[in-house]
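Q: Take a look and give me a structure for this.
(2 chains)
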Amino acid sequence: MSFSTRIADTVGRAIELHPDQIKPDSGIGSTVGWDSFGHLRVILELEEEFSVRFDMDRIPELKSVKLIEEELRTLGAG
Amino acid sequence: MKLALLSPTNLDFLAAELNSLHFETYTAPYGQVVVEAINPDSGLYAFAPDIVILHYDAADVMRNKLIRPFEASMGNEWNAIDEIKTTVSTIASTSPNTSIVLNTIPLPATHGMGRLDQNTPAGLRTIQNTHNSAISSLANELPQVIIHDYQSLAESHGLNNWYDARMWYLARARLARNSTSAVANDLAALLATAESPRAKVIVIDLDNTCWGGVIGDDGIEGITLGTDGPGLAFSTFQQALLNFRDQGVLLAVASKNDFDVVRTVFDSHPEMILKYDDISSWQVNWDDKAVSIQRISEELDLDPDSFVFFDDNPVERLRVSEAYPEVTVVDVPNDPSNYVDVLFNCEALTTVRLTDEDLVRPERYKARSKRTGSSKTFTDVGQFLESLDMKVEISENLTITLPRIAQLTQKTNQFNLRTQRYSEADLTNMIANGSHRVFWLRLSDKFGDEGIVAVAIVRTGSQWFIDTLLMSCRILNRGIERALIRHLKQEAHIVGVKILIGEFIPSGRNEIVRDLYSSMDFSEQDGKWIVDTASNGPEGLTELSVMTSGRKT
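A: Have a look, this model is predicted:
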């Protein structure tokens, strides 16, 4: 499974959407179920999946799948 | 089941976990606890919940004291317990059939008191203890209140990773991801306990369950039971059983043994904690344990769905769970030092309420009679035996098995036709001088290898005489002895011997095999039992896969 597919699966699980509906520009406000509550669900689910921990001040900044993917690479996942 | 969640903090994450456990939830806006309770038109009452979960975490109770415990408080101090009491009584009067779950609080791992906390009389731990006592008192005052021991849950998971501070700063929630699901699962288990009746009977086995060893073979001096060493584990387990009897759960015995032998242990073993009168129904016999469960049910007039079955033997457990799927069959560990924990963790045995009726129940159910039972069997016993996947190996290969065979002749008392005791040297001589042949039988089934469990020793000659026929009682009623007798007949027939002779010598402990030979088509002649080696049978109780090896010619 590619890195992006794994991210899409994880995000989909958190906000209860099919992974096919998760695109690089999906994110807070632009995707069904991805509100501020959904955002934390996404973050916690990603932390579990990739065994990483996001710093608190980064969490509100990770507004899209693309930004999340970059952050995960910075943290050494993928 | 409909759950409403009320809290000073954000429980949306908990609600999502509860939804995934198939609870329907309503989460009141956080911080609106009293408002939701007081307003009869609130979302809370519109939702008409079965249960209200009123959740206050430690930080909701202690507030800023967790950070600045020495800050002087001004005037009338806010008190969480007052707010909780108001909320509970308002909900109870507005919606009397709704249960209300309150929780105890842990002391978070880090706080402004540091190590000073335990070293000062007015530490945060004092607030915690006062709060928890007040919460428990509410359960005594109001029947609809159920306490969730959130403190124990957090402590058993470990407080270091229980909270996630980011969740507080970003979302006004408190728990780490895994803590949230732990709380949801624990609440689900608590509600299941609160909603379902507690088990009424614990059906226990005796050998290797209430004491170590097999009473019929090891004797009253030989069983393991006492005040130290492994015997202490069994004594403590007996105490744990009595704990449930103290609370109104009846104890019943289902054991494959002779009743008189068992009675002697209960009456005269100095280390027995359980006494004869503690047991409300006795099934001590050699029957199928599913039949024993049925008789206990009839005798106590209680349904098997209120039974918990505790037996060290996985075959008995499988038998009972197949015959009575509604019985809670405890997955008993191999190590008796774990028996007590496993018993205490059995959900069917927990309850959130004790009634006066519970406390007197055991006295009302004093054992009415002892039943030693007939050999009634279930029609599907053959099918059950088949499911065990038994494999039998019969052999005369003695290179490494001789010590085990000698040991079996020394210690087997119950399934032992003549109770002849032999040392290894005796056996070596008997084989060397050609007067005897020694057969052993090894059994394995889907639970594993039982090892050598039966032995036959025959005195050879123009007729064969069965000098020794013994078997471990653990594998009784599985047709194993029939396979062994069939094998002896075949072996005799091969060497031209036409008659096989058996004998039963009563020893006071082997009543169980008095009728063994007649049940296997031997006929009685001058106090002995004979059979033609060319005859068929005895038929087994089921198809057995029998492998023979090490044949001696």
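Q: switch to C-alpha atoms for all contacts and neighbour counts from now on
A: OK.
Q: For chain A, see how far away B:E450 is.
A: Counting by Cα to the nearest Cα, to the nearest Å, the gap from B:E450 to chain A is 44 Å.
Q: Find the helix or strand that that residue is a member of.
A: According to DSSP states H and E, B:E450 maps onto strand B:448-459.
Q: got the contact list for the closest residue to chain A within the stretch 351-500 of chain B?
A: In the stretch 351-500 of chain B, no residue comes nearer to chain A than B:V352, which is 33.4 Å away by Cα to the nearest Cα. Residues in contact with B:V352 (Cα atoms under 8 Å, 6 or more residues apart in numbering or on different chains) are B:146, B:193-194.
Q: For these, give me TSV that also has neighbour count and distance to chain A.
A: Formatted as TSV, the contacts of B:V352 follow (neighbours: other Cα atoms under 10 Å in any protein chain shown; distance: Cα to the nearest Cα, whole Å):
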residue	neighbour count	distance to chain A
B:I146	24	30
B:T193	18	30
B:A194	16	31
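Q: from those, which is closest to B:K411?
A: Taking Cα to Cα as the measure, B:K411 lies nearest B:T193 of these, at 45.4 Å.
Q: Let me know whether the closest one touches B:T351 as I believe.
A: Yes: taking contacts as Cα atoms under 8 Å, B:T193 lies within contact range of B:T351: 5.9 Å.
Q: Distance check, A:F37 against B:R125.
A: Distance, A:F37 to B:R125, using Cα to Cα, to the nearest Å: 33 Å.
Q: who's the nearest residue in space to B:L241 that is not next to it in sequence bridged to?
A: Distances taken as Cα to Cα, 6 or more residues apart in numbering or on different chains put B:L251 closest to B:L241, at 7.7 Å, once the chain neighbours are dropped. Under DSSP bridges, the beta-bridge partners of B:L251 are B:I202, B:I279.
Q: how many other residues sit next to B:L251?
A: Neighbour count of B:L251, defined by other Cα atoms under 10 Å in any protein chain shown: 26.
Q: I'd like to know how far it sits from chain A.
A: Applying Cα to the nearest Cα, the value for B:L251 to chain A is 46 Å.
Q: which residues touch that residue?
A: Residues counted as contacts of B:L251 (Cα under 8 Å, 6+ apart) are B:201-204, B:241, B:245, B:278-281.
Q: Generate CSV for these, with neighbour count as supplementary columns.
A: Shown next, in CSV, are the contacts of B:L251 (neighbours: other Cα atoms under 10 Å in any protein chain shown):
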residue, neighbour count
B:V201, 28
B:I202, 24
B:V203, 26
B:I204, 21
B:L241, 23
B:R245, 23
B:D278, 21
B:I279, 21
B:S280, 24
B:S281, 27
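Q: Between which two of these is the distance greatest?
A: Between any two of the contacts of B:L251, the greatest separation by Cα to Cα is 14.6 Å, found for B:L241 and B:S281.
Q: So the residue of chain A found nearest chain B versus B:V438, what's the distance?
A: The nearest approach of chain A to chain B comes at A:M56, 5.7 Å away (Cα to the nearest Cα). Distance, A:M56 to B:V438, using Cα to Cα: 76 Å.
Q: Could you show which parts of chain B are in contact with chain A?
A: Those residues of chain B that sit near chain A, judged by Cα under 8 Å from any Cα of the partner chain, are B:12-13, B:166, B:170-171, B:177.
Q: Show me where chain A has its helices.
A: Along chain A, counting by DSSP state H, helices occupy A:3-15, A:36-50, A:65-74.
Q: Let's have those in a markdown table, adding mean pLDDT and distance to chain B.
A: Conversion of the helices of chain A to a markdown table gives the following (pLDDT from 0 to 100; distance: least, Cα to the nearest Cα, whole Å):
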| stretch | mean pLDDT | distance to chain B |
| --- | --- | --- |
| helix A:3-15 | 95 | 10 |
| helix A:36-50 | 95 | 7 |
| helix A:65-74 | 96 | 17 |
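Q: can you tell which of those is closest to B:L417?
A: helix A:36-50 (63.7 Å).
Q: Against which helices or strands is the closest one packed?
A: Using 3 or more Cα pairs under 8 Å, 6 or more residues apart in numbering or on different chains; DSSP states H and E, the elements in contact with helix A:36-50 are helix A:3-15.
Q: Centre of the chain to the helix it packs on, how far?
A: 7 Å (Cα atoms, centre = their mean, to the nearest Å).
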